[in-house]
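need a structure here:
(one chain, ligands or ions: 1)
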Amino acid sequence: MNPLIQKLSRRDFIRKNSLAGVGVALASTGIAKPFNIATGAASKPAILGGASAWAEDRWPIWPMWDKDNDEKLLLEVMRSGVWSRADMVTRFEKAWADMLGAKRSLAVVNGTQSLVIAINQLDIKAGDEVLVPPYTFIASVSAILSNGAMPVFVDIDPETFQIDPAKIEAKITPRTKAILPVHILGLPCDMDRIMAIAKKHNLFVIEDSCQAHLAEYDHKKVGTIGNVGCFSFQNSKNLPIGEGGALVSNDDKLMDKCFSYQNFGNPYGTAVGSVSTGAIMQGTKLRFTEYQAAIGIAQMKRLDAQTTTRNENATYLKSLIKDIPGISPYKLYDKVTRGAYHLFPFRYNKEGFKGLSRQDFLKALTAEGVPCSSGYAVLNTQPFLKDTFDSKNYRKMYSKDMLDINAFNERNKCPLNEKLCNEEAVWFTQNMLLGTKEDMKMIASAIEKIHAGAEKIKTLGKK
Ligand SMILES: *Cc1c(COP(=O)(O)O)cnc(C)c1O
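Just a heads-up that it's a prediction; the model follows:
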C-alpha cells in the first residue's frame, strides 16, 4: 500500500481526483518549492530543523483518471443494465492480450485468484511442490497453499531483488511441478535461465506478473514467456481498477479450462446466466464485471506512456544516486528491455552513512518530503505457514515429516532475503516516478543531504 495514498482522507482524495482530475494532479508537480543544496539552511537535513526538500503532497496522486473521457464507458455500462460479465469484459480481454502480444487473456476478480486458477488448472495439488521466491507479496504463496500444494522457497539475488536462477536446481525434487517466478517490483526475472531449467526438468512456469505490466525481457512482455502469466489490477498497481486480475497464455486448452473454472465449471464461452449447459468440471465463481472492464479499458490508454515515463525517471534517478556511498540501486538482467517499475528499489548500507540505521534513514528521508518504505517483511517464516500445516486438509494430505515446521524452516532458509528485508531494502512507489526530472533531482539531493548529515542525525535523541 502506498503510504501517501493511505494518508489521504477520503475527502482529500476525491477533491484531488474527481474534481481536479489528472491534469491538476500532474500540474501541481510543476510548482516546485525551491530547494537549493548549495545554501547553508537548505543543506541542513529537515529532521535536524532544516527546510524539507518539499511538501509531500506534491507527488502525483494515484490512481489517475481523465474525467472528460474515462467516465463515459463506465456510464455506458451503468445505463445498459448489463453489469455481469458480457461484451465489455471480452473487449477488455482482447485489448489486454493484444497489448501484451498474448493469444488469450481471461479477466477475473483479482490477481490472487488469477494465480489460484492457474495453479489449479495446471493440476498442481496435494503433494506437489512449487518453487517460489520469498521476496514477494503473500498472494504468490497463498495461491500455492490454497491448492493444497507446497511452496519451496528459493533465495533471491539481492542485486536484482529477483529469484536467483543459480539456486533453483538445488531445490528441485521428484515432487516439483512448477517454478513461480515473481517479477517483483516490476523488474523482470532472468527468464532465459528460468525457462531453460524448466525445460530440462519438465516443469511449468507460472509468471507472477502482478507488479510487472508491460515489463519486457528480450522484447517479450513478461507474463507471455512461461506457460501462463498472472496480473493484478488492484488500485495501487500500474494498471489500476480497484480490484481485478487476468491470466494470459498462448495455450488454448489451458485457457478454456481456466474459463470454465471461474464460471462454475460451465464450458468455455458459456454466457453468464445460462443454466442449461451443464458443468463439465468442478468450478467456482471468480468472474470479472462489466464495470471493472470499463475502467480497465480507460486505464489501458495511458499505461504505455506512463511506463515510458517511469523507465526514464527510474534510469535518471538511478544515475543520480548510484555513487552515493551506502546506496546500491537495483540491477537489471542483460536481456531486460523495459521495466514496469511498480517500485523503485535500492539497497541501503548503513556503513556508508556513518552507521545510521535504515529506520532512521527512512525517517530522515520522510522528513524531507520523500515518501519511502523498507518494503516487505520476511515472508517464509510467518505464522500462516504453520497454521496451514496444522490444518485438517494438510494433515490428511502430507506426512508428519513434511509438516514439521522446524524442518521446513531449515530447508527453506533464505539468508539473503532476510538481510534484504531486515536491513537493506528501500522503496519508492511508482507514482513518484511519474514526476519530472526535477523531482528526481530533489530525491537525490535529499539523500545526499542525509548522507552529509548522517553523523548528526544518528545522535539525535540519543544524547
Ligand atoms: C498485488 C499482487 C498479487 C495479488 O494481486 P491482487 O489483485 O491484490 O489479488 C500477487 N502477487 C504480487 C507479486 C502482487 O504484487
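
contacts and neighbour counts: CA atoms only from here.
Fine.

report the secondary structure state of the nearest residue to T277 once chain neighbours are set aside.
With C-alpha to C-alpha, 6 or more residues apart in numbering as the criterion, T277 has its nearest non-adjacent residue at 6.8 Å, and that residue is N266. Secondary structure state of N266, per DSSP: H, G, I helix; E, B strand; the rest coil, is coil.

from memory V426 sits against P345, does it?
Yes. Judged on C-alpha atoms under 8 Å, V426 makes contact with P345 at a distance of 5.7 Å.

find the closest residue to the ligand in the stretch 301-450 of the chain.
Residue nearest to the ligand within the stretch 301-450 of the chain: H342 (8.8 Å; C-alpha to the nearest ligand atom).

which ones are touching that residue?
Applying C-alpha atoms under 8 Å, 6 or more residues apart in numbering, we find H342 in contact with 185-186, 211-212, 237-238, 429-430.

TSV please, covering the residues you listed and showing distance to the ligand.
Output for the contacts of H342, formatted as TSV (distance: C-alpha to the nearest ligand atom, whole Å):
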residue	distance to the ligand
L185	8
G186	9
Q211	5
A212	9
K237	7
N238	10
T429	12
Q430	13
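
what subset of these is buried?
185-186, 211-212, 237-238, 429-430 (16 or more other C-alpha atoms under 10 Å).

so what's the residue of the stretch 151-300 of the chain found nearest the ligand up against?
Per C-alpha to the nearest ligand atom, S232 is where the stretch 151-300 of the chain lies closest to the ligand, at 4.0 Å. Counting by C-alpha under 8 Å, 6+ apart, S232 touches 110-112, 209-211, 239, 243-246.

what segments of the stretch 251-400 of the chain are helices?
For the stretch 251-400 of the chain, the helices defined by DSSP state H, counting those that start in this stretch occupy 252-262, 290-321, 358-367, 383-389, 392-397.

now mean neighbour count and mean pLDDT too, for the ones you listed, in TSV please.
Shown next, in TSV, are these (neighbours: other C-alpha atoms under 10 Å; pLDDT from 0 to 100):
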stretch	mean neighbour count	mean pLDDT
helix 252-262	20	98
helix 290-321	19	98
helix 358-367	20	97
helix 383-389	15	98
helix 392-397	14	98
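
distance to the ligand added to those helices, as TSV?
Below are the helices of the stretch 251-400 of the chain laid out as TSV (distance: least, C-alpha to the nearest ligand atom, whole Å):
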stretch	distance to the ligand
helix 252-262	15
helix 290-321	12
helix 358-367	22
helix 383-389	16
helix 392-397	23
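
sorry, back to before: show me what the residue of the stretch 151-300 of the chain closest to the ligand is bridged to.
G245 (DSSP bridges).

how close does it sit to Q113?
9 Å (C-alpha to C-alpha, to the nearest Å).

give me the common contacts of those two.
Taking C-alpha under 8 Å, 6+ apart as the contact rule, S232 and Q113 both touch G245.

pretty sure N380 is touching V132, no?
No. Between N380 and V132 there is no contact under C-alpha under 8 Å: 10.2 Å.

thanks again, I'm all set now.
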